[in-house]
Structures are given as structure tokens and as C-alpha cells.
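1. Below are the sequence and a predicted model for it; my questions follow.
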There are 2 protein chains.
Amino acid sequence: MQTNLSPLTRKLSAFVALSEIDLETLARFDRRRRSFEPGHEMIHEGQTGSSAFVLSKGWACSYKILPDGNRQIVDFQIPGDFLGLRSILFRTADHSVEAVTRIEASEVIASDILDSFARAPRLATAVLWAASRDEAMVVEHLVNLGRRSAEERMAHFFLELGARLALVGVGDRTGYDCPLTQYHLADVLGLSAVHVNRVLRKMREEGLVTFKTGRVVFDDFGRLKALAVFDTAYLDQDGPLLR
Amino acid sequence: MQTNLSPLTRKLSAFVALSEIDLETLARFDRRRRSFEPGHEMIHEGQTGSSAFVLSKGWACSYKILPDGNRQIVDFQIPGDFLGLRSILFRTADHSVEAVTRIEASEVIASDILDSFARAPRLATAVLWAASRDEAMVVEHLVNLGRRSAEERMAHFFLELGARLALVGVGDRTGYDCPLTQYHLADVLGLSAVHVNRVLRKMREEGLVTFKTGRVVFDDFGRLKALAVFDTAYLDQDGPLLR
DNA sequence: CGCGGGCTTGAGCATAGTCAAAGTCTGTGG
DNA sequence: CCACAGACTTTGACTATGCTCAAGCCCGCG
């Protein structure tokens, strides 16, 4: 193991013990460095032959837009996250991805991925695991939208994001830096921007969380967790399953 | 290629051209035949060391239950579908799965999967593709809950199910057999059972769909599709990507 | 025949949406 | 240094979508 691993390598190592060949092959994912300005649409729904990216700096979000202009954000991506994997596996992208902040990322094209699986088969298993972990988050998010109130959703969202950031070494129990606007919150939680604002005010007044531009502050972590019925199980990484 | 392929083999072949070794290895997934009665909980959330299953007959549903007793169904599984894959990849199951009808399935244990990836590396890629296709469905479902009205959700759900069943050769443009209750619809669409009933009545009266116990009848397929803004893109299979 | 699961309907309520207007903050150019 | 534009936030008033509670119905099955 090297000391200066890429974020993706670190993530995959959590599931599969990687060999030298695996590591070498993975390193190839890191050749095409790119950067994007906030608001840039890195992947367009419906586009064929898109790339994927591994985020090294900044935040992105994946979403779908409905014909009436409404947008539903599926998830945010933070450093270390894979983004646009499905747009490689399928012929056309089934969702869009946009840079939230300025972003630094490595571009991964279809042949990189597919060839790497042939060279280093264990990588395929590792990527399957990573994709499944993403799916677990989407599923939790689905439950959030289907069965929780606006306030519970908000609490759950802040906590999940906090837990994910903690895994990559950012933020702590007091809070974390967060570049999102209230519009982002509305689009990810399936609410209107106006209602988001009211819910935020209520939660602030109740001493639960404070969301000010640029930062989320946990005013009462325990009570927030109880409100959201938040259980980190679906995010946990217990060390390599496959040795 | 053999004439009598298992449903899973047929599905994976749509993405990856499988070799003799791949096919032999896949055949091992089909050794432990099991059957379950309606209502049986095949996988329990939180349980460690669960199996996965490949459905050959009947319908199942995967879901999460919140502490207040509310349930959110994540998806239904129909013949040919993999079920509980994440409960193998993670140490503990992050969701439950229940038989909706009487079910026939093949049990797949963790070592089956993991060993098969070592023996037949292309299978890992194929399974990654299948898992991504499932994720695409969950994502579409998420958009449904976040940004569509009750009536639109209902329309979208019936159409998606119809399209999926058509892929395995069941049902047609006039409708399909469907063993679900109005409670199932409520739990999958994030609505109350009472409201589901009202929405169904409205749609029936408007001449869109008729949902009677045991069958979904499309009264006006075109208008239903327009209402749901349903686009099958995320379900399409265009033939093997990897040869 | 009675029981239970599922379906249906009404009445009243609550959560969240829409529309509208004004306030704040930040960066840019004069 | 100020004026202004534009993006984001805040608040009020009104509306609507969907929920809860409650009751009754239908039908298959033991």
C-alpha cells in the first residue's frame, strides 16, 4: 500500500484487497485531469458516449429534469465519488450531472473501465460494490421522499451528508462546510424552495440545525438524529470483504 | 447457446456476450431451488449472512420499514429479476424482501457469487450492468416520488410495470395480470391507501386505466403515457455492449 | 353464517404548494 | 466609493393535494 492513494483507490480498498496489478490499472483512471466551473453540465441526460468522472475536488449533483421544468436531484457527489458510471454502462446517459462548485476530476472513458475489468477482474467486483453502495444511498433517499415529512427529510439529509463527509475526513459533530443553496435543498428533498426556507427557520428556532450559506451547524446532534431516525448502517464500511 | 436458458442468463446475455465458461458458471446459480408462500419474508433488514435469489416464478417486493410502522416499497421483482444482491455484497441486509405471490426461486449464497466472479470475470461486469439497470429504475422511482402528483405516479408505475413485464413476455398493450393490492400501490407510491383508492377511481372514470384485483387494463394507453411523461429509455436493452 | 382482508366513501384537517413582494448579499463597473 | 444587477433568502396570504379517522360494503373461505 502506498501512502498517497487516490480517493477512488481508498474507497475501493475498503471492500476488496487490491493487488499490484489492480492498483496499476486503477492508476490509469487518473490520467485525464479536468476541471469545471460551477454550473457546468458535465453529463447531459440522453447524450450518447458520455464519460464518467472520479471527483477529486468540489461538489457535483446528478439529477433528472421533467418536461414541466421541475428538477429532482438524485444525489450529490463529493470528493472520492464516482460519477456517471451508468452513462458508460448504458449507451445513453439516463441522468444529467452538474458541477455545484468548481470541480477537479479525472475523466474516465468507457474503454478505460471495460478494459480494466479484463486486466484486473477484481476491480469489476470492487466497482460493483461501490455502485451498490451508491444504490443503497438512493434507496434511503427514496424512503425519505416517500415516507418522511419535510422536517424529517431535511434532518436526514444533513446527517447523511455529514456522515459521508466525515468518511472522507471533512467536518465533524459540530457541522461542516456546505456550498448548497436552498434551491438545491428543495430539488433534492422534493420540496418547493419556499417551504425549504420555512422548514429551515423552524429547525433553527427549535435549536436543531442552522443552515447558513456555506455551512451546516448541528445545534443538537442527538435530537436531530432522533428526529430523522438516522441509522448509518447503509454507509458503514467494515473493512475488506474480499481478500 | 442453448434453447432453454434461465431467465437470469437471458437477462445478462443482453449486455455481455457470455462464453461457455460463463454459462457453466451461471448454471451453478440454479442449483438450490426454493419456493415461498405469499407474505413470507425472504430477507430481513439488518440480518447478516443473507442469501440472494433469482426469481423464476411469482412476484416479490423489496422495502424498508420505518419505526412508526410505515413502509416504503422500493421495487417489485418479477421473474428473471435478481433479488437481495446488496444483502450479499454488504455484511448485513439494508432492506427486506417479501414474497407477494407464491414464489419459485433459486437461492444464491455469497460464495456462489464471489467465486463465480473469480472463475468467470465477465460475469462480474454483467452483474454490474444488471445492478446498474436496477439502480436506474430506483432513480426513476425517486423522481416519481419527488416531483410527480399522485395521478402521474400511478400512471408511471403501471406503465413501467407493463414495460418490464413485456420484456419477459407477459402482458401487452391492453394490460397485464397483476397480483398487487391497493395497499401495495400505496406503499410503493408513497401514498395512503385511501388516497390510492380515490386516484384509481378518478383514473377509471377518466378512461385512463382500470385496476381491478388481479389485472391492470389500459383503457387509453396513449393518454396514460402522456400523463406520466413515460419514456422507456432507462429500461431499453439494445443488445450486448461487451462482446 | 360469520370472519377477515381488501375496497369504497365521506368529513375534516394538515402539510406543503403557488403567487407575490420585498429584503440581503456580493461582485462589477462607473 | 457608490450604484446596480443578479442570485439567493425571507415572509405573507391563499390554495390544493393528500392524510386521518370513521364507517360501511363486498366477497371468498372455513
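-> Ah, there it is. Numbers count the residues shown, from 1 in each chain, chains lettered A, B, ... in the order given.

2. What strand or helix carries the closest residue to A:Ser19 other than its chain neighbours?
-> Nearest residue to A:Ser19 in three dimensions, chain neighbours excluded: A:Arg122, at 7.0 Å (CB to CB, 6 or more residues apart in numbering or on different chains). No exception for glycine: its C-beta is placed from N, CA and C like everyone else's. Counting by DSSP states H and E, the element that carries A:Arg122 is helix A:121-147.

3. For chain A, which residue occupies the most central location?
-> A:Gln77 (3.0 Å; CA atoms, centre = their mean).

4. give me the beta-bridge partners of that residue?
-> A:Ala60 (DSSP bridges).

5. mind listing what it touches?
-> Shown in contact with A:Gln77 (CB atoms under 8 Å, 6 or more residues apart in numbering or on different chains): A:55, A:59-62, A:83, A:97.

6. Could I get the residues you listed in JSON lines, plus columns for pLDDT, distance to DNA strand C and neighbour count?
-> Below are those laid out as JSON lines (pLDDT from 0 to 100; distance: CB to the nearest atom of the strand, whole Å; neighbours: other CB atoms under 10 Å in any protein chain shown):
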{"residue": "A:Leu55", "pLDDT": "95", "distance to DNA strand C": "24", "neighbour count": "22"}
{"residue": "A:Trp59", "pLDDT": "97", "distance to DNA strand C": "18", "neighbour count": "21"}
{"residue": "A:Ala60", "pLDDT": "97", "distance to DNA strand C": "21", "neighbour count": "25"}
{"residue": "A:Cys61", "pLDDT": "97", "distance to DNA strand C": "18", "neighbour count": "20"}
{"residue": "A:Ser62", "pLDDT": "98", "distance to DNA strand C": "20", "neighbour count": "26"}
{"residue": "A:Leu83", "pLDDT": "95", "distance to DNA strand C": "27", "neighbour count": "23"}
{"residue": "A:Val97", "pLDDT": "97", "distance to DNA strand C": "24", "neighbour count": "25"}
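
7. among the residues you listed, which are in reach of DNA strand D?
-> Among the contacts of A:Gln77, no residue sits close to DNA strand D (CB under 7 Å from any atom of the strand).

8. Turn these into CSV, columns for distance to A:Phe158.
-> Conversion of the contacts of A:Gln77 to CSV gives the following (distance: CB to CB, whole Å):
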residue, distance to A:Phe158
A:Leu55, 20
A:Trp59, 15
A:Ala60, 19
A:Cys61, 16
A:Ser62, 19
A:Leu83, 22
A:Val97, 22
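
9. and A:Ser56, what element?
-> Counting by DSSP H and E, A:Ser56 is found in strand A:52-57.

10. Could you give me the buried positions within that strand?
-> A:52-56 (16 or more other CB atoms under 10 Å in any protein chain shown).

11. In this structure the residue nearest to A:Ser19 contacts A:Phe15, no?
-> No - the pair A:Arg122 / A:Phe15 is not scored as a contact, 9.9 Å apart, by CB atoms under 8 Å.

12. which SSE is A:Val216 in?
-> Per DSSP H and E, A:Val216 falls inside strand A:214-218.

13. quick one on the thing from earlier: so which of the buried residues of strand A:52-57 also contact chain B?
-> For chain B, no contacts are drawn from those by CB under 8 Å from any CB of the partner chain.

14. For DNA strand C, what's its nearest residue on chain A.
-> Here the residue of chain A nearest DNA strand C is A:His195; by CB to the nearest atom of the strand that distance is 3.0 Å.

15. what's near enough to touch that residue?
-> A:150, A:186.

16. Let's see that with 10 Å instead.
-> A:150, A:182, A:185-186, A:189 (CB atoms under 10 Å, 6 or more residues apart in numbering or on different chains).

17. sec struct for it, please.
-> Under DSSP: H, G, I helix; E, B strand; the rest coil, A:His195 falls in the helix class.

18. In chain A, where is pLDDT below threshold?
-> Residues of chain A meeting the criterion pLDDT under 70: A:1-4, A:237-243.

19. Residues of it that sit close to DNA strand D?
-> So chain A meets DNA strand D at A:181-183, A:193-194, A:197-198, A:200-201, A:213 (CB under 7 Å from any atom of the strand).

20. Skip the chain neighbours and tell me the closest residue to the closest residue to DNA strand D within chain A.
-> At 3.1 Å from DNA strand D, A:Gln182 is the closest residue in chain A, using CB to the nearest atom of the strand. Nearest residue to A:Gln182 in three dimensions, chain neighbours excluded: A:Val196, at 4.9 Å (CB to CB, 6+ apart).

21. dump the residue contacts of the one you found.
-> Contact partners of A:Val196, counting by CB under 10 Å, 6+ apart, are A:150, A:153-154, A:181-189, A:211.

22. which among those residues end up buried?
-> Among the contacts of A:Val196, the ones that count as buried by 16+ other CB under 10 Å are A:150, A:153-154, A:182, A:184-189, A:211.

23. quick one on the thing from earlier: so what's the residue nearest to A:Ser19 up against?
-> With the criterion set at CB under 10 Å, 6+ apart, A:Arg122 makes contact with A:12, A:15-19, A:21-22, A:25, A:242, B:117-118, B:121, B:124.

24. Please render those residues as CSV that adds secondary structure to the earlier fields.
-> Formatted as CSV, these follow (three-state DSSP):
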residue, secondary structure
A:Leu12, helix
A:Phe15, coil
A:Val16, strand
A:Ala17, coil
A:Leu18, coil
A:Ser19, coil
A:Ile21, helix
A:Asp22, helix
A:Thr25, helix
A:Leu242, strand
B:Phe117, helix
B:Ala118, helix
B:Pro121, helix
B:Ala124, helix
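
25. List only buried entries from the residues you listed.
-> A:12, A:15-16, A:18, A:22, A:25, A:242, B:117, B:121, B:124.

26. tell me the strands in chain A, going along the chain?
-> A:32-36, A:41-43, A:52-57, A:60-65, A:71-77, A:82-83, A:96-99, A:103-108, A:175-178, A:209-212, A:214-218 (DSSP state E).

27. Could you find the closest non-adjacent residue to A:Glu45?
-> A:Ser96 (4.5 Å).

28. So what sits opposite the one you found in the bridge?
-> Using DSSP bridges, the bridge partners assigned to A:Ser96 are A:Tyr63.

29. The nearest residue to A:Phe53 once chain neighbours are set aside and A:Phe76, how far apart?
-> Nearest residue to A:Phe53 in three dimensions, chain neighbours excluded: A:Ala105, at 4.1 Å (CB to CB, 6+ apart). Distance from A:Ala105 to A:Phe76, counting by CB to CB, to the nearest Å: 14 Å.

30. Neighbour count: the two, which is higher?
-> A:Ala105 (26 against 22; other CB atoms under 10 Å in any protein chain shown).

31. Quick check: bridge partners of that one?
-> Residues in beta-bridge contact with A:Ala105 (DSSP bridges): A:Arg34, A:Leu55.

32. pretty sure it is touching A:Ile43, no?
-> No - the pair A:Ala105 / A:Ile43 is not scored as a contact, 11.3 Å apart, by CB atoms under 10 Å.

33. overlap in contacts of the two?
-> What both A:Ala105 and A:Ile43 touch, as defined by CB under 10 Å, 6+ apart, is the set A:51-53, A:60, A:83-84.

34. so which two of those are the farthest from each other?
-> A:Ser51 and A:Ala60 (13.2 Å; CB to CB).

35. residues shared between the contacts of these two?
-> In contact with both A:Ser51 and A:Ala60: A:42-43, A:83-84, A:105, using CB under 10 Å, 6+ apart.
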